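[1] When you get a sec, could you give me coordinates for this:
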Amino acid sequence: MPTLSDHLPDPLPWRELAHPLARAEDAQARLDERLRTSPIRDGWIARTHFADAAAALWLDGELVHIEDLALHDAGMDIRAPTHELTRAHAVLCARRRIAGAARGWALSPAGFDALRGRAGTANATEGRAESAEPNGDSDQAFEPPLAEADEFSALFASVDAAIAHADKTLAGERRPPAGPAGGRDPLVYDLDWDEDARLADWRGIVDQTRDLPPTLAAAIASEAWAAIEPLQRAPGLGRLLAAALLRDRGKARAHLPCLAEGAKAVPRERRRNRDASARLVAELETIAAAAEEGLRQHDRWLLARTLLLRKLDGRRSTSRLPELIEFVVARPLVSAGMIARELDITPRAAQNLVAELDLREATGRGRYRAWGVL
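    Numbering: from 1, shown residues only. Below you'll find the model as predicted:
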């Protein structure tokens with residue numbers, strides 16, 4: 001089993017790590033405490049899920065606009081979703097799943113299998129197969145000729161397969177079928193890539209960080225993931241698991257850190273430095289930058305919410321404006337359709353409420369408009 005010394009200096013350069021480690025620990029503690037009692041905690045978490053998902057694709061060399069991701073997540077795309085947008089949505093779903101699960105779930109075997117798309121595959125297949133079986137009573141009531149029955153069965157089976165394929169693709173959960181050599185396209189995947197063995201190696205290294213400070217353990221976990229590369233074509237998962245480690249070890253009790261967002265503030269040449277000590281310092285700076293950016297965004301959105309709440313003076317107690325304010329603060333972008341569905345009102349009424357709040361219009365169009373707060 002690999003050890004820490006296989007990927008990091010032995011002994012650890014504590015003199016170089018002391019200052020960035022203290023900065024990361026302090027920044028994470030301040031952000032977590034601020035969020036613990038914040039009135040916009042849930043909205044902050046919802047918005048940062050989008051930002052971190054887009055940042056994960058940015059680090060992977062792909063540009064995804066947060067506004068497009070918000071509309072895609074709501075099922076209200078104004079154009080056909082791109083491959084990059086679908087991948088970003090997969091990261092978004094993974095973040096939500098980790099944040100909504102119990103602490104420690106993401107780092108457990110069950111969590112790994114679920115995040116890799118291996119959990120529940122058989123059950124889902126069996127459930128779809130059962131739903132495709134004809135009902136005995138209906139067959140007795142209406143029994144078409146054999147040729148027509150075969151034709152209808154083939155048609156329904158093809159439609160069912162197409163729906164399953166589309167569902168998995170849009171959810172970012174499509175995985176190549178298993179086979180003797182993994183069943184994967186050799187032009188896309190390395191067939192000699194033993195994901196299970198690499199994942200076991202990475203988990204072994206994470207287990208060896210039990211006695212280290214949480215932020216240092218998360219930095220080591222992220223660095224080890226980049227070095228080992230347990231999974232192929234899994235953008236952002238390493239930093240998501242490092243964030244889950246911070247949450248599991250009590251350093252981020254009120255939120256899931258946005259480490260991809262923090263990595264954007266650290267130059268790539270530092271994150272990919274040949275010196276292991278320099279890379280570890282860069283990972284600690286990533287954790288600190290993520291928390292500091294989170295604090296800035298929190299204060300900005302809290303101020304925006306305070307200014308919007310001032311417009312409620314003199315309003316009736318039955319007004320839907322307070323609900324709209326909370327919804328707008330919790331989303332990077334909202335459309336009339338999204339507001340109508342959330343507040344259970346008509347799109348026309350949603351546009352009237354938006355006009356009363358004088359929200360910032362983000363699209364510059366006459367149709368399919370969307371609004372947001374800075």
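[2] In the stretch 201-350 of the chain, where is pLDDT below threshold?
    235 (pLDDT under 70).
[3] Wait, residue 95 touches residue 239, no?
    No. Counting by CB atoms under 8 Å, residue 95 does not reach residue 239; the two are 10.2 Å apart. C-beta: built from backbone N, CA, C; applies to glycine.
[4] Tell me which of the two has more neighbours.
    For residue 95 versus residue 239, neighbours defined as other CB atoms under 10 Å are more numerous around residue 239 (30 against 24).
[5] Identify the residues contacting the more buried one.
    By CB atoms under 8 Å, 6 or more residues apart in numbering, residue 239 lies in contact with 56, 222, 225, 259, 260, 263.
[6] What is the nearest of those residues to residue 110?
    Nearest to residue 110 among the contacts of residue 239, counting by CB to CB, is residue 225 at 19.2 Å.
[7] wait, that closest one sits on residue 243?
    No. Residue 225 lies out of contact with residue 243 (CB under 8 Å); the separation is 11.8 Å.
[8] Compare neighbour counts for these two and give me the winner.
    Between residue 225 and residue 243, residue 243 has the larger neighbour count (other CB under 10 Å), namely 30 against 23.
[9] need the contact list for the more buried one.
    For residue 243, the contacting residues are 98, 218, 252, 256, 257, 258, 259, by CB under 8 Å, 6+ apart.
[10] Of those residues - the most surrounded one?
    Highest neighbour count within these, by other CB under 10 Å: residue 218, with 33 neighbours.
[11] Show me the contacts of residue 239 that map onto strands.
    Nothing among the contacts of residue 239 maps onto strands, per DSSP state E.
[12] Can you give me the buried ones in stretch 96-114?
    96, 98, 99, 101, 105, 106, 107, 111, 112, 114 (16 or more other CB atoms under 10 Å).
[13] just to revisit the earlier point, what about the contacts of residue 243, which are in helices?
    98, 218, 259 (DSSP state H).
[14] and of those residues, the nearest to residue 351?
    Nearest to residue 351 among those, with distances taken as CB to CB, is residue 98, at 35.7 Å.
[15] Spatially nearest residue to the closest one (excluding sequence neighbours)?
    Spatially, and ignoring its direct neighbours in sequence, residue 98 is nearest to residue 106 (4.6 Å; CB to CB, 6 or more residues apart in numbering).
[16] cool, residue 261 as well?
    residue 55 (4.4 Å).
[17] State whether the one you found and residue 257 are indeed in contact, as I suppose.
    No. At 12.0 Å, residue 55 and residue 257 do not qualify as touching, with contact defined as CB under 8 Å.
[18] now the strands: where do they sit in the chain?
    For the chain, the strands defined by DSSP E occupy 334-335, 360-361, 370-372.
[19] what residues does the last one touch?
    Same thing as strand 370-372. Strand 370-372 is contacted from outside by 67, 71, 328, 331-335, 354, 359-363, using CB under 8 Å, 6+ apart.
[20] One more: stretch 19-39?
    By CB under 8 Å, 6+ apart, the surrounding residues in contact with stretch 19-39 are 41, 44-45, 213-216, 219, 246, 251-255, 257, 281, 284-285, 287-288, 291-292, 294-295, 298, 302, 305.
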